[in-house]
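> Quick one, fold the following:
(2 chains)
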Amino acid sequence: MPILSAGGQLRPLHPLHALLLAFPLPLFLGALLSDLAYASSFHAQWINFSSWLIAGGLLIGAFTLVWALVEWRRGERSGPGRPMAYFFALLAMWVLGFINELVHAKDAWATMPASLYLSIVVTLLALGASWIGYSGLHARERT
Amino acid sequence: MTRPTLLIGVMVLTMSACGSDPAPPQYGPNPQLPKPYRGLLPRMVISMPLEWGDAHPIVPQGYTIKAIATDLKIPRQTLLLPNGDILVAEGSGGGAPVLRPKDFIANYIKKQGKSSAKGGNQLTLLRDADGDGAYELRGIFADKLDAPYGLALVNGVIFVANQDALVRFDYRDGQTEASGPPIKITDLPGAINHHWTKALTASPDGRFLYVGIGSNSNITERGMDAEVDRAMVWQIDAQTGAHRQFATGLRNPTALTFQPGTDQLWAAVNERDEIGPDLVPDYVTAVREGAFYGWPYSYWGQNVDTRAQPQDAQKVASAIQPDYSLGSHVAALGLAFSNPAMGADFADGLFVGEHGSWNRSVVVGYKVVFVPFRDGKPSGDPVDFVTGFLGKDGKAHGRPVGVTVDPRGALIVADDLSNTIWRITPDQSIATTAELTL
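Numbering: from 1, shown residues only, chains lettered A, B, ... in the order given. Predicted coordinates:
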């Protein structure tokens, strides 16, 4: 586990980066909820909703992931710990999210229960990544 | 243009954690059924189209094959008229909306194995006036139809099953053009039209028409509400247009015909995908009135398909087995009973046009087979009758759809990839032997 504390105050994300990071969690959470709706109702439309929500999470998540990689590799003076943790949380979210999309491409109940479990894990990873990201990645410059 | 797509096919294939598909014999009344299996990606292998060039389909020794019409607009089924004229239904229906991101990709891949021509939405008439085997006259019998597929002639009326309605044209012998616009008999289930083809045949007495209506999904992934009046055969009163459900649970009944000399309806049915290379066998069966054949709850009798939820144990318990497996994913789209004029080896049985697979890493189908019959029942493994649609490099020259037997001794095969009508005739020696056997 990398060291998350960089000491001192953390600088917020660039507004555009923050905007991108705002998407994956609600989209993947939405997919989880509609998976639950499908599991309890058997209405196929719910699993279709999930499929699109996950696709949206992956699309915006890909840009967020690239930005996270740049932040990590730039390795500012606060050290690599937080940006690295942030990047890997997003990476795990994206990879498992992609597998989840493939599972959701199965037909009807063939998606279950793997889709539900994957949606839970991906949502938690999105939550973790958002938590780290919104706490800030780099220390503020001293004045 | 074709190369990158081929790569997609190969990539999908490679990613799907596969070996080569085993090919157990899966013919006849009791096919082996492996356990359902699907990896993260369905196996998709599409045979890319390739012009015929100097190649042509291969037929058994003693038979000759000839292209009697080319450059058609997606020919699907053919109808033989009493004077020997051939009517060709040309069209391409469907257009079910994209439901999931998957559909974009799957549709794109499947499209690579189809003709780029636009469906004609018309009936073309072919005539060989002097009987020399060359169909020198070609004209449009009727146009502005909506993806016509099934054709039938009853008591001077030509019935056409469009993708959303059953229509009729009055017909006099020798007519080359319809005398007026089509008259609608009844609407057919046309919403979504995931499986759009409407197979058609008439009872021997001409009183009833039978229409095959495919399911609106592979296995209910568009929801159960979309499956009302789908995956079944309708019996329609030819006079009034009133219908009733004749048999149900038939996932995609793509061809219907009556067994000569009987009142027995036969159907070719395409079964479900994405549970393995050897599931579920496509089949031909005598259609029993009132019977339920399993879709979506079960396959090949009472093998439960857990993808269809909620399950219906009562329906499963009532599901009956079809008669004869053709093998999984062959995509049987054409059906015609033979007669002795086809030569002794092919005198008694069923010709089946197999469009070819997409859900298998080793492709199957892409040929016309002959299912031999004895005493009115299938009596052995299918025999290849027309092959050579696949080139050596795995590319496809053609894809057979409808088959029609000409009682004078010819098989007519529609090919919707090379947009050709093929005609296969026994050579004189075989035809003579056939007459002597009679």
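> Tell me, how many residues neighbour residue 94?
Going with chain A. A:W94 has 21 neighbours, counted by other C-beta atoms under 10 Å in any protein chain shown. For every residue, glycine as well, the C-beta is placed using N, CA and C.
> Can you look at chain B instead?
Using other C-beta under 10 Å, B:G94 has 15 neighbouring residues.
> Once you drop chain neighbours, what's closest to it?
Spatial nearest neighbour of B:G94, chain neighbours left out: B:W196 (4.2 Å); criterion: C-beta to C-beta, 6 or more residues apart in numbering or on different chains.
> Setting aside sequence neighbours, what's the nearest residue to B:R399?
Using C-beta to C-beta, 6+ apart and skipping residues adjacent in sequence, the residue nearest B:R399 is B:L417, 4.1 Å away.
> ok, the biggest helix by length in chain A near chain B or not?
In chain A, with assignment by DSSP state H, the single longest helix is helix A:44-74. Yes - counting by C-beta under 8 Å from any C-beta of the partner chain, chain B is contacted by helix A:44-74 at A:44-45, A:47-48, A:51-52, A:55.
> Which residues of chain B lie near chain A?
For chain B, the contact set with chain A under C-beta under 8 Å from any C-beta comprises B:38, B:40-41, B:99-102, B:217-224, B:274-275, B:306-310.
> Which one (most neighbours) among the residues of helix A:44-74 next to chain B?
The most neighbours, when the residues of helix A:44-74 next to chain B are compared by other C-beta under 10 Å, belong to A:I47, which has 29 neighbours.
> List the contacts of that one.
Counting by C-beta atoms under 8 Å, 6 or more residues apart in numbering or on different chains, A:I47 touches A:34-35, A:38, A:104, A:108, A:111, A:115, B:221.
> how about 10 Å then?
By C-beta atoms under 10 Å, 6 or more residues apart in numbering or on different chains, A:I47 lies in contact with A:31, A:34-35, A:37-39, A:104-112, A:115, B:99-100, B:221, B:223.
> Just the buried residues of these.
Using 16 or more other C-beta atoms under 10 Å in any protein chain shown as the burial test, the contacts of A:I47 include A:31, A:34-35, A:37-39, A:104-112, A:115, B:99-100, B:221, B:223 as buried.
> Quick check on the spatially closest residue to B:T197 that is not a sequence neighbour: phi, psi?
Excluding the flanking residues, the one nearest B:T197 by C-beta to C-beta, 6+ apart is B:Y149, at 4.6 Å. Main-chain dihedrals, B:Y149, degrees, to the nearest 10: phi -140, psi -70.
> B:P277 versus B:Y149, what's the distance?
Note on B:Y149: its distance to B:P277, by C-beta to C-beta, to the nearest Å, is 28 Å.
> next one: B:P25
Distance from B:P25 to B:P277, by C-beta to C-beta: 14 Å.
> Which one of those two is surrounded by more residues?
B:P277 (20 against 10).
> Parallel or antiparallel, which strands does the host helix or strand of B:V371 pair with?
Here B:V371 sits within strand B:367-374, counting by DSSP states H and E. Using DSSP bridges, the strands paired with strand B:367-374 in its sheet are strand B:349-354 (antiparallel), strand B:377-378 (antiparallel), strand B:383-386 (antiparallel).
> Contacts for the second one, please.
Put plainly, it is strand B:377-378. For strand B:377-378, the external contacting residues (C-beta under 10 Å, 6+ apart) are B:27-29, B:259, B:284-286, B:323-325, B:349-350, B:371-372.
> Most neighbours of all those, which one?
Counting by other C-beta under 10 Å, top hit in the contacts of strand B:377-378: B:S325 with 27 neighbours.
> what packs against the worst-scoring helix or strand of chain A on mean pLDDT?
The helix or strand with the lowest mean pLDDT-type score in chain A, counting by mean pLDDT, DSSP states H and E, is strand A:138-139 (a mean of 80). Packing partners of strand A:138-139 (3 or more C-beta pairs under 10 Å, 6 or more residues apart in numbering or on different chains; DSSP states H and E): strand A:10-11, helix A:81-104.
> Parallel or antiparallel, list what pairs with that strand.
As defined by DSSP bridges, the strand partners of strand A:138-139 come to strand A:10-11 (antiparallel).
> Mind checking what helix or strand follows the strand it pairs with in sequence?
Elements were assigned by DSSP H and E; along the chain past strand A:10-11, the next helix or strand is helix A:15-21.
> what's the offset of that next one from the middle of its chain?
Offset of helix A:15-21 from its chain centre (C-alpha atoms, centre = their mean, to the nearest Å): 13 Å.
> In it, which residues are buried?
Neighbour-count burial for helix A:15-21 flags A:17, A:20-21 (criterion: 16+ other C-beta under 10 Å).
> and it, what does it pack onto?
Counting contacts by 3+ C-beta pairs under 10 Å, 6+ apart, helix A:15-21 packs against helix A:44-74, helix A:114-135.
> could these go into CSV alongside mean pLDDT?
Converted to CSV, the helices and strands packed on helix A:15-21 look like this (pLDDT from 0 to 100):
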stretch, mean pLDDT
helix A:44-74, 95
helix A:114-135, 97
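> so the most centrally placed residue in chain B is in which element?
Nearest to the geometric centre of chain B sits B:L333, at 0.9 Å (C-alpha atoms, centre = their mean). In the assignment (DSSP H and E), B:L333 maps to strand B:332-337.
> ok so, going back, which of the strands paired with strand B:367-374 sits most buried?
strand B:349-354 (a mean of 27; mean count of other C-beta atoms under 10 Å in any protein chain shown).
> mind giving me a markdown table with the strands paired with strand B:367-374 and columns for mean pLDDT?
A markdown table is the format used below for the strands paired with strand B:367-374 (pLDDT from 0 to 100):
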| stretch | mean pLDDT |
| --- | --- |
| strand B:349-354 | 98 |
| strand B:377-378 | 96 |
| strand B:383-386 | 97 |
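> Redo these as a markdown table? Include distance to B:V167.
Compiled in a markdown table, the strands paired with strand B:367-374 are given as follows (distance: least, C-beta to C-beta, whole Å):
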| stretch | distance to B:V167 |
| --- | --- |
| strand B:349-354 | 24 |
| strand B:377-378 | 34 |
| strand B:383-386 | 31 |
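> of those, which approaches B:A319 most closely?
strand B:377-378 (20.4 Å; C-beta to C-beta).
> Next, the contact list for residue 71, please.
Chain wasn't specified; assuming chain A. Going by C-beta under 10 Å, 6+ apart, A:E71 touches A:13-14, A:17, A:80, A:82-84, A:86-87, A:133, A:137-138.
> that's the wrong chain, I wanted chain B
Counting by C-beta under 10 Å, 6+ apart, B:D71 makes contact with B:117, B:138, B:418-420.
> at 6 Å what do you get?
B:N419 (C-beta atoms under 6 Å, 6 or more residues apart in numbering or on different chains).
> cool, and A:P83?
Each residue near A:P83 by C-beta under 6 Å, 6+ apart is listed here: A:71-72, A:137.
> Could you give the number of residues near the residue nearest to it when sequence neighbours are not counted?
Among residues not flanking A:P83 along the chain, A:W72 sits closest, at 4.0 Å (C-beta to C-beta, 6+ apart). Burial measure for A:W72: 19 neighbouring residues, criterion other C-beta under 10 Å.
> Test my guess that A:W72 contacts A:F87.
Yes - A:W72 lies in contact with A:F87 (C-beta atoms under 6 Å); the separation is 4.6 Å.
> as a whole number, average confidence for the strand holding B:L333?
For strand B:332-337, mean pLDDT is 98.
> Now do it and strand B:349-354, the angle between them.
Counting by axes from the mean of the first three to the mean of the last three C-alpha atoms, to 10 degrees, strand B:332-337 lies at 160 degrees to strand B:349-354.
> what pairs with strand B:332-337, and is each one parallel or antiparallel?
strand B:349-354 (antiparallel).
> residues making contact with the partner strand?
Residues outside strand B:349-354 that contact it (C-beta under 6 Å, 6+ apart) are B:330, B:332-338, B:365, B:367-373, B:400-401, B:403, B:411.
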